[in-house]
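Visitor: Curious how this folds, go ahead:
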Amino acid sequence: MSYSKIVTPAQNPPTVRLLLLCGLLATAPAPEPVLATPGEGGPPLPDLQRVEPPVRKKIESRQSEVVARPESAEAWGRLGMALDIHDFEASAESAYARALALDPDHFPWAYYRALTLTEISDPRAADAFDRALELNPNFSPLLIRYGDFLLDAGDADGARLHYSRGLEADGDGLTYAFFGLARLALADGDLEAAAAHAEQATALDPSNRDAWGLLAELHRRRGQDRRAAEARQAYAAIRGPAVLADVFMAELMEEGVSSFWHHKRGQFFLASRLDERAEAEFRRAIELSPHAIFFESLARALLIQERSDEAEEAVRRALEVAPDLASSHLFLGRLLVRAGRPEEGLASLRRAAELRPDTAAAQEFGRQLVAAGERVEGMRWLERSLEVEEEPQVLLGVAFFYATTPDAELRDGEKSERMARRLLEITGERPEIFDVLGAAFAAQGRFDEAIQAAERAERLARGRGSPMVLQMRRRLELYRAGQPFIASR
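Guide: Below is the predicted model:
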C-alpha cells in the first residue's frame, strides 16, 4: 500500500517525496514476482527474499494461519492486510477477494479491496467501491476516497455526487468533502467556487495543511496576493500532511512492521506532541534500516525533548550516511547556532544553502550571516530565497537594508521602494511597510514623500499600539530635517 492511501491526494507528502528522491525507499518491494507456496490450500505469496525480516515474518505467519484455516475469512483478510500495508497490492487484492467470497458482507475487506484495486489501476475498482458503499453507505472516508478516485478518472459528475454525500455522512470527513469540491471546481476552471470551498475546509479544520496550500494557489491565480501570502504562512506553520481520520485505515497502518512504517508512525507521534513514542519508533526504524532520514527524524525528537547533545550525535550520523542531505545540514546548522557555536553553525548552513538554495536554507543562512555581521552576503542569500518565494518578513528586512545601509555603494532607495510597494500589494497596509517606504524615499532625497509615508506609518503604529512608534517618530524628525535614516554598522 502506498502512503497516498493514508493521506489526502492533493500532493505527494514532502517526507515521502524526500525519501523517494534520496532513494531511501529501496527496501519497499516494487514488482511482485509470485512464487507458489507448497501445501494444499495455501495462497501464493510474492517473493519475500528482499524484504526486511519483520515483514517477511509477519506475512509468513499470516500465510500459515490461512493454511491452517483455509475457510476462515478473517485469516484471509488479515493476510491481505499484512500484504497490503507492505506494498504487495496485487497479492493483497487476491487475499481480500477470497475473504469476501467467504464473508461477502464484511465491510473492511470490501473497503480495503477497493483501495487496493485503485492502487494497481485495476478497472474493477469502481465496482469494488460500489460494493463497499452498499455495505456502509454513510461512511464519509469511503465517500471521499471514491470521489477522489472518480475525479482522477475524469468522472466529474460522479465525484461531485460522492463529495456532496460526504457533506452529510458519518465521520470526520466534512473538511475533506469541501476540499474535494474545491479540487473539482478547480478542474472545472471555476476559481471562485474553488476558493469558497477551500475556505470552508480551512475554517472547519485550520490545521489542514493541504487545504491551506490549495487556497494559497487559488488566491494567487485570482490575483489576491495578500490573501495568498496569508494562506502560505498558514501552510508553512503546519507540521506534516493532512490525514483523513479513518478508523479502518488506522487499523491497517498498525499492521506495518517495516522501517518505513516505524518511521511514519514516529512522524505522526511527533506531530501529535507524543515525543517519547516518536523517539521509540524512530529508533526501531534505524535498527531495521539505518537510513539518514531516520537519524534526522530521531534528532528532531531528541531536540524537542531538549536533549541537544544526543540530537547533534543523531544528525551527524545522518550526515555520515548521506553527506549531501541538505535538510540534515540545515538542522545541524540551526542546532549549533542555538548552542552558541556560530562559526560551526554557519558552515553547516552554508552547505545546506549550497545544496538546496530554497527558501528555508537560504533564509536561515542569510539571517545568521546578517546576525554575524556579514550583512552583504547575508542579504544576497535572502534575496536568493525571495526568488523562490516572496516571504513578507524577509522582503521587508531586505527592503529596509537597501534603504538604510551605511554602505553608500550598496544603498539603493529605488530598489527598496519597489520592494516596499510589492509588500503593500501582498499584505496590505502595515505600519512597518510605510516605515520602510519612508526610508526608501529619503534615501533618494524625496523628503516630502518620505515625510508623508513616515507620518502614515506612525499613525498606523499608534492605532495598533505598536512599540515601534518612538523609532518611527525619530526617523520622521530626520526626514523633516532633510536627512535620510542610516543604520548603524
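Visitor: pLDDT on stretch 151-166, on average?
Guide: Average pLDDT, stretch 151-166: 93.
Visitor: I'd like to check what contacts it. Which residues are they?
Guide: Residues from elsewhere that reach stretch 151-166 (CB atoms under 8 Å, 6 or more residues apart in numbering): 9, 126, 140, 143-144, 146-148, 150, 173-174, 176-177, 180-181, 183-184, 187-188. Bear in mind the C-beta positions are built from the backbone N, C-alpha and C, glycine included.
Visitor: So which bits of that stretch are buried?
Guide: By 16 or more other CB atoms under 10 Å, the buried positions in stretch 151-166 come out as L151, G158, A159, R160, H162, Y163, S164, R165, G166.
Visitor: and the third one, what helix or strand is that in?
Guide: Pointing back at A159 there. Secondary structure assigned from DSSP states H and E places A159 in helix 156-166.
Visitor: following that helix, which helix or strand comes up?
Guide: Helices and strands here follow DSSP H and E; after helix 156-166, the next one along the chain is helix 174-187.
Visitor: helices or strands up against that next one?
Guide: Secondary-structure packing of helix 174-187 (3 or more CB pairs under 8 Å, 6 or more residues apart in numbering; DSSP states H and E): helix 140-152, helix 156-166, helix 191-204, helix 209-221.
Visitor: tilt between it and helix 209-221?
Guide: Helix 174-187 runs at 30 degrees relative to helix 209-221, counting by axes from the mean of the first three to the mean of the last three CA atoms, to 10 degrees.
Visitor: and helix 174-187, average pLDDT?
Guide: For helix 174-187, mean pLDDT rounds to 93.
Visitor: how about the helices and strands packed on helix 174-187, which one is nearest L244?
Guide: For L244, the closest of the helices and strands packed on helix 174-187 is helix 140-152, at 5.5 Å, according to CB to CB.
Visitor: what distance separates that closest one from the centre of its chain?
Guide: Averaging C-alpha positions (CA atoms, centre = their mean, to the nearest Å) puts helix 140-152 21 Å from its chain's average.
Visitor: and the angle for it with helix 174-187?
Guide: Helix 140-152 and helix 174-187 are oriented at 10 degrees to each other (the same axes, to 10 degrees).
Visitor: Low-confidence stretches in the stretch 151-300 of the chain?
Guide: 170-172, 239-241 (pLDDT under 70).
Visitor: if you set the cut-off to 90 instead, what comes out?
Guide: 168-174, 207, 220-230, 232-233, 235-246, 250, 253, 267-274 (pLDDT under 90).
Visitor: The helix or strand hosting L437: what's the following helix or strand?
Guide: In this structure, L437 sits in helix 431-443 according to DSSP H and E. Downstream of helix 431-443, the next assigned helix or strand under DSSP H and E is helix 447-463.
Visitor: Can you give me the buried ones in that next one?
Guide: Buried residues in helix 447-463 (16+ other CB under 10 Å): 447, 449-458, 460-461.
Visitor: Looking at the residues you listed, which one is closest to R422?
Guide: A453 (15.1 Å).
Visitor: Next, the contact list for that closest one, please.
Guide: A453 neighbours (CB under 8 Å, 6+ apart): F434, D435, L437, G438, F441.
Visitor: Report how many residues lie close to the last one.
Guide: By that I understand F441. Using other CB atoms under 10 Å, F441 has 25 other residues around it.
Visitor: so it touches S416, yeah?
Guide: No - in this structure F441 lies outside contact range of S416 using CB atoms under 8 Å: 9.1 Å.
Visitor: if we can go back for a sec, now the helices and strands packed on helix 174-187 as JSON lines including distance to R351?
Guide: Putting these into JSON lines (distance: least, CB to CB, whole Å) gives the following:
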{"stretch": "helix 140-152", "distance to R351": "40"}
{"stretch": "helix 156-166", "distance to R351": "45"}
{"stretch": "helix 191-204", "distance to R351": "36"}
{"stretch": "helix 209-221", "distance to R351": "28"}
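Visitor: my guess is R384 contacts A362, does it?
Guide: Yes - counting by CB under 8 Å, R384 touches A362, with 5.0 Å between them.
Visitor: Which one's more surrounded, the two?
Guide: More crowded of R384 and A362, by other CB under 10 Å: A362, with 26 against 18.
Visitor: Do you know the pLDDT at the residue of the chain positioned farthest from its centre?
Guide: Distance from the C-alpha centroid of the chain peaks at A481, with 50.4 Å (CA atoms, centre = their mean). With respect to pLDDT, A481 scores 96.
Visitor: Now the buried residues of helix 447-463 in CSV, please, with extra columns for distance to R316 and pLDDT.
Guide: What follows is the buried residues of helix 447-463, written out as CSV (distance: CB to CB, whole Å; pLDDT from 0 to 100):
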residue, distance to R316, pLDDT
F447, 54, 96
E449, 53, 96
A450, 50, 96
I451, 54, 96
Q452, 54, 96
A453, 49, 96
A454, 49, 95
E455, 53, 95
R456, 51, 94
A457, 46, 94
E458, 50, 93
L460, 47, 90
A461, 45, 88
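Visitor: can you list those in CSV and add distance to H291?
Guide: Below are those laid out as CSV (distance: CB to CB, whole Å):
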residue, distance to H291
F447, 60
E449, 57
A450, 56
I451, 60
Q452, 58
A453, 53
A454, 54
E455, 58
R456, 54
A457, 51
E458, 55
L460, 51
A461, 50
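Visitor: of those residues, closest to A194?
Guide: Using CB to CB, the buried residues of helix 447-463 come closest to A194 at L460, 33.3 Å.
Visitor: these two touch, right, the closest one and E429?
Guide: Yes - using CB under 8 Å, L460 is in contact with E429, at 6.6 Å.
Visitor: Give the buried residues for stretch 276-292.
Guide: Across stretch 276-292, burial judged by 16+ other CB under 10 Å covers 277-282, 284-286, 288-289, 291-292.
Visitor: again but with stretch 342-351, I slipped
Guide: P342, G345, L346, S348, L349, R350, R351.
Visitor: And the contacts of it?
Guide: For stretch 342-351, contacts defined as CB under 8 Å, 6+ apart pick out 326, 329-330, 332-339, 361, 364-365, 368-369, 371-372.
Visitor: Compare the contacts of A453 and tell me which has the most neighbours.
Guide: Ranking the contacts of A453 using other CB under 10 Å puts G438 first, with 31 neighbours.
Visitor: any idea how far T427 is from that residue?
Guide: According to CB to CB, to the nearest Å, G438 stands 17 Å off from T427.
Visitor: what does R98 give?
Guide: In terms of CB to CB, R98 sits 59 Å off from T427.
Visitor: Then A169?
Guide: Distance from A169 to T427, counting by CB to CB: 39 Å.
Visitor: hang on, F485 in a strand?
Guide: No - counting by DSSP: H, G, I helix; E, B strand; the rest coil, F485 is not part of a strand but coil.
Visitor: tell me which residues in the helix or strand hosting R226 are buried?
Guide: If you go by DSSP H and E, R226 is part of helix 225-236. The neighbour-count criterion (16+ other CB under 10 Å) identifies D225, R226, R227, A228, A229, E230, A231, R232, A234, Y235 as the buried residues of helix 225-236.
Visitor: so what does it touch, helix or strand wise?
Guide: Helix 225-236 sits against helix 209-221, helix 413-427, with contacts defined as 3+ CB pairs under 8 Å, 6+ apart.
Visitor: Specify the angle between that helix and helix 413-427 in degrees.
Guide: Using the same axes, to 10 degrees, helix 225-236 lies at 70 degrees relative to helix 413-427.
Visitor: can you map out the helices along the stretch 301-450 of the chain?
Guide: Here the stretch 301-450 of the chain has its helices, by DSSP state H, counting those that start in this stretch, at 308-321, 326-338, 342-355, 359-371, 375-388, 392-404, 413-427, 431-443, 447-463.
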